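Trainee: Got a predicted structure here, sequence first:
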Amino acid sequence: MSLSALIAPRLFNGETFVEGHALLLEAETILGLVPRGDIPSHAAVTTFPSGLLAPGFVDAQVNGGGGFLFNQTPDAPTLDGIVTAHRRHGSTALLPTYITDTAEGMRNAIAAARQAIAEGVPGVAGIHLEGPFLSVARKGAHDPNLIRPLTEEDVGLILDSGIDTILLTVAPENAPLPLIRRLADAGVIVSLGHSDTSYEAVMAAAEAGATGITHLFNAMSPLQGRTPGVTGAALDHGGLWVGIIADGLHVHPGSLSLALRAKKAPGRLFLVTDAMPTAGHPDDVFHLNGRKVTRRNGALTLEDGTLAGSDLTMDAALRYTVGHLGVGLGEALRMASLYPAQFLRLDNRRGRLAPRYRADIVHLDENLTAQGVWIAGRRLVG
């Protein structure tokens, strides 16, 4: 097998920055980091005079990109288009996200993700089903006519999907605790969102096996003095991992800064894009469940002004986290790679530049814009 070495002024291994070293790759796997003077003579060396090499980004919530929308056309070519668009911005693993729709649509989405994974579409790491088991009171851009309770039949469909990594967003008020427990015990990652429920109900769902919170602050009961709501429970429960949309539109930066300081460990806040087809694409209009969505000044809204996903990419979220939230670059990189990988239980192969990890890598320039991307050792961007 061919041996290659990548050199940049700095490497971020998932925990710390390293200088004066090279990243050694063999086929799809990282062999390790070695001093530049110890690079084997037969290795093919690629040197970048500026920027840094870091673990590829992991995005748990991607509705679309590059003009493609999963809900509109749930098939493998659509998923290929979505991951291709986000790959240009550093995402090496993502969960295509299918939001509230019909039962038939959900079955088609599961089949599409299964096919894309079987065909080895680079970057498709599973599927995120965001609904339809949500709260109408906190529906956001989801079609209220399609929201419904989680049933035994739904659980059977999900457990028989043949997909290893499934993230399911539910509202506790529409997902009975025994069904949450069944899903969690079977390996499904259950996240709570689009919910108007209480702090106590979130704690009970977490006890039943839920481990995530979908886009903190958005479409959930807020933190108040006597009613901490979903938001308060998300920050107060150490076992919950919490996705945030860091674009300056979905959440005030002050709220995100407070949440970063308040979050109880070991669960962490991590970056998601919640991207729609406009991400990486010039068209400003698309349709979601038959409703028009328009991009204006970076915001995507329905005709009534409701936010409908985002125009965000992961490298842009990284830049916002560093530049507007004041998060150190190392922690921001963990929020874009290691933490979502840990939440999705992919951190045995993703989220670090370390021996035996997949060679999923991003080269960032001095402005934290993705310039090169490798997935399983193959350079696909740059």
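Mentor: Received the coordinates, thanks. The model shown is predicted, which means the values in this text are computed figures rather than measured ones. Residues are numbered from 1 along each chain as shown.

Trainee: Please identify the helix or strand for the closest residue in space to residue 251 that isn't next to it in sequence.
Mentor: Nearest non-adjacent residue to residue 251, counting by C-beta to C-beta, 6 or more residues apart in numbering: residue 217, 4.7 Å away. Any C-beta I mention is one placed from the backbone N, CA and C, and that applies to glycine too. When elements are assigned from DSSP states H and E, residue 217 belongs to no helix and no strand.

Trainee: Quick one: residues contacting residue 217.
Mentor: Contact analysis of residue 217 by C-beta atoms under 8 Å, 6 or more residues apart in numbering lists 231, 244, 250, 251, 255, 256, 259.

Trainee: Swap in 7 Å and give it another go.
Mentor: 231, 251, 255 (C-beta atoms under 7 Å, 6 or more residues apart in numbering).

Trainee: what would the residues you listed look like in CSV with secondary structure, pLDDT and neighbour count?
Mentor: Shown next, in CSV, are the contacts of residue 217 (DSSP: H, G, I helix; E, B strand; the rest coil; pLDDT from 0 to 100; neighbours: other C-beta atoms under 10 Å):
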residue, secondary structure, pLDDT, neighbour count
231, helix, 98, 22
251, coil, 98, 17
255, helix, 98, 16
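
Trainee: Tell me the one among those residues nearest to residue 173.
Mentor: Set against residue 173, the nearest of these by C-beta to C-beta is residue 231 (15.7 Å).

Trainee: Hmm, that closest one is touching residue 223, no?
Mentor: Yes: Residue 231 sits in contact with residue 223 when judged by C-beta atoms under 7 Å, with a separation of 4.2 Å.

Trainee: So which bits of the helix ranked longest in the chain are buried?
Mentor: Criterion DSSP state H: the longest helix present in the chain is helix 103-118. Neighbour counts over helix 103-118 (16 or more other C-beta atoms under 10 Å) mark 105, 106, 108, 109, 110, 111, 112, 113, 114, 116, 117 as buried.

Trainee: Give the other helices and strands that it contacts.
Mentor: The contact analysis (3 or more C-beta pairs under 7 Å, 6 or more residues apart in numbering; DSSP states H and E) places helix 103-118 against helix 76-87, strand 91-99, strand 127-130.

Trainee: what about the residue of the chain positioned farthest from its centre, helix or strand, and which?
Mentor: In terms of distance from the mean C-alpha position of the chain, residue 41 ranks first, at 38.6 Å (C-alpha atoms, centre = their mean). Assigned by DSSP H and E, residue 41 falls within no helix or strand.
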